[in-house]
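Trainee: Next one to model:
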Amino acid sequence: MASHQPATMKAWLYSSATGGLEKNLQLNLNAPQPRQPLFKNEILVEVISMSVNPADAKLPELGFVAKALISTPASPGLDYCGRVVATGTVVDSVRIGEIIFGKLEKPTKFGTLGQYVVVTHEDCASLPDGVDPDHAAAIGTAGLTAYQSIVPYVKAGSKVFINGGSGGVGTFGIQIAKNAGCHVTTTCSAPNVSLCQELGADDVIDYKTTDVYQELVARGQIFDLVVDNAGTPLNLYKDSANFLKPEGIFEQVGGPMSFSGTATVASNMLLPSFLGGGKRPYHFFVAKNSHDDLAEIGRLMKEGKIRAVIDSIFEYEDAPRAFEKLKTGRARGKIVVHVTKKP
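Mentor: Numbers count the residues shown, from 1 in each chain. Purely as a prediction, here's the structure:
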């Protein structure tokens, strides 16, 4: 049921991202809360912890495009773990005071770097006993992306290549693929080889000292699935028939936010094989919010079958530094920000 809430909240806000989002965030201790009263199927959540994703910065930095999608001032952030403080009239899947985790359906004016957010049933799952809210806050985008880009396409014994194994999606992906019984090959730089191996990777390629494409070609058509979190080398999909099985699938998850990167994705999606395009099925992957998938990832975490790899944790007053760290491109796993006090 709905309950009375203060009209304001604390929130890190941006009105422009010129020069970088991290340089434009301003802390407002009296920012307006999300719309009230709630719609009948909505849940108001006080955020305990959130985690940052590349898209949280990339979208605001698109300038006029971003302003057309999100009114400002706005708070960035999609992923969260928090406590339920109010519910719409038909919500019966959670109770007030319960701790839940998940991700917002899409970027919004009221992101998870604000104290309160509004979600629905598909955007959340209950926090399992024994799982730290910081770890649950790391699941959201990265966990759903890894789970949905791998699990539907593999079976025990499948061979999976994960391009980019040490970031948020990659660290979850290695573990999820191994839990599904797959053989996992991944890429990372030398300092992260041991991490990828600890997570279960069977074979790790150092992309800084090895030509990734040539290394894959040398192995032949052995892979059932490629999950490309990195987007480089740019020719990876077009030449994937040299290492993907004829029935293999190429999932494009991430890539450089540049003209060449965008042009490559467009070409991969639109150029037919007889005109020089790739010869394997190509999916540009976008995660879909799913209560059931979030609950399953939470269950795997509770049972110790997967874990969140946390690179660093920032207190709320230091939130801009979380984006500074994200932009270095050297985070091992996820970056978390504390928003309110943990239970």
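
Trainee: after the helix or strand of the chain with the lowest mean pLDDT, next one along is what?
Mentor: None of the helices or strands of the chain scores lower by mean pLDDT, DSSP states H and E than helix 259-270, at a mean of 65. Once the chain leaves helix 259-270, the next helix or strand it forms, by DSSP states H and E, is strand 282-284.

Trainee: Work out the sheet partners of that following strand and label each with its direction, please.
Mentor: Its sheet considered, strand 282-284 pairs with strand 244-252 (parallel) by DSSP bridges.

Trainee: Just the CA trace of the partner strand, in PDB.
Mentor: Extracted in PDB, the C-alpha atoms of strand 244-252 (Å, rounded to 0.1, in the frame of the first residue of the first chain):
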ATOM      1  CA  LEU A 244      32.400 -20.300 -34.700                       C
ATOM      2  CA  LYS A 245      30.700 -23.500 -35.600                       C
ATOM      3  CA  PRO A 246      28.300 -23.300 -38.500                       C
ATOM      4  CA  GLU A 247      25.400 -23.200 -36.000                       C
ATOM      5  CA  GLY A 248      27.200 -20.900 -33.600                       C
ATOM      6  CA  ILE A 249      25.900 -17.500 -32.500                       C
ATOM      7  CA  PHE A 250      27.600 -14.200 -32.100                       C
ATOM      8  CA  GLU A 251      26.200 -12.000 -29.300                       C
ATOM      9  CA  GLN A 252      27.400  -8.300 -29.400                       C
END
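
Trainee: got any ranges where the stretch 151-300 of the chain has weak pLDDT?
Mentor: Within the stretch 151-300 of the chain, the stretches with pLDDT under 70 are 255-266, 270, 272-276.

Trainee: all helices of it, in order?
Mentor: For the stretch 151-300 of the chain, helices defined by DSSP state H, counting those that start in this stretch occupy the ranges 168-179, 193-199, 212-219, 259-270, 291-302.

Trainee: And the ones you listed: which comes nearest residue 325?
Mentor: Residue 325 sits nearest to helix 168-179 of all those, at 12.4 Å, using Cβ to Cβ. Bear in mind the C-beta positions are built from the backbone N, C-alpha and C, glycine included.

Trainee: and the angle for that closest one with helix 291-302?
Mentor: Interaxial angle, helix 168-179 versus helix 291-302 (axes from the mean of the first three to the mean of the last three Cα atoms, to 10 degrees): 80 degrees.

Trainee: Helix 168-179 - contacts with which helices or strands?
Mentor: helix 140-150, strand 159-163, strand 183-188, helix 193-199, helix 291-302 (3 or more Cβ pairs under 8 Å, 6 or more residues apart in numbering; DSSP states H and E).

Trainee: Reformat those into CSV and put distance to residue 129 and mean neighbour count next to each item.
Mentor: As requested, these are exported to CSV (distance: least, Cβ to Cβ, whole Å; neighbours: other Cβ atoms under 10 Å):
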stretch, distance to residue 129, mean neighbour count
helix 140-150, 18, 26
strand 159-163, 30, 28
strand 183-188, 29, 26
helix 193-199, 24, 18
helix 291-302, 7, 19
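
Trainee: thinking again about what came up before, quick check: which of the helices of the stretch 151-300 of the chain is nearest to residue 22?
Mentor: helix 168-179 (17.7 Å).

Trainee: buried set for the closest one?
Mentor: By neighbour count on 16 or more other Cβ atoms under 10 Å, the buried set for helix 168-179 is 168, 169, 170, 171, 172, 173, 174, 175, 176, 177, 178, 179.

Trainee: need the contact list for the third one.
Mentor: If a contact means Cβ atoms under 8 Å, 6 or more residues apart in numbering, then residue 170 has 146, 162, 164, 186, 188, 196, 229 as its contacts.

Trainee: what residues does the helix or strand encompassing residue 65 touch?
Mentor: Residue 65 is located in helix 64-69, with elements delineated by DSSP H and E. Here helix 64-69 makes contact (Cβ under 8 Å, 6+ apart) with 17, 59, 60, 107.

Trainee: Could you give the average pLDDT over it?
Mentor: Averaged over helix 64-69, pLDDT sits at 87.
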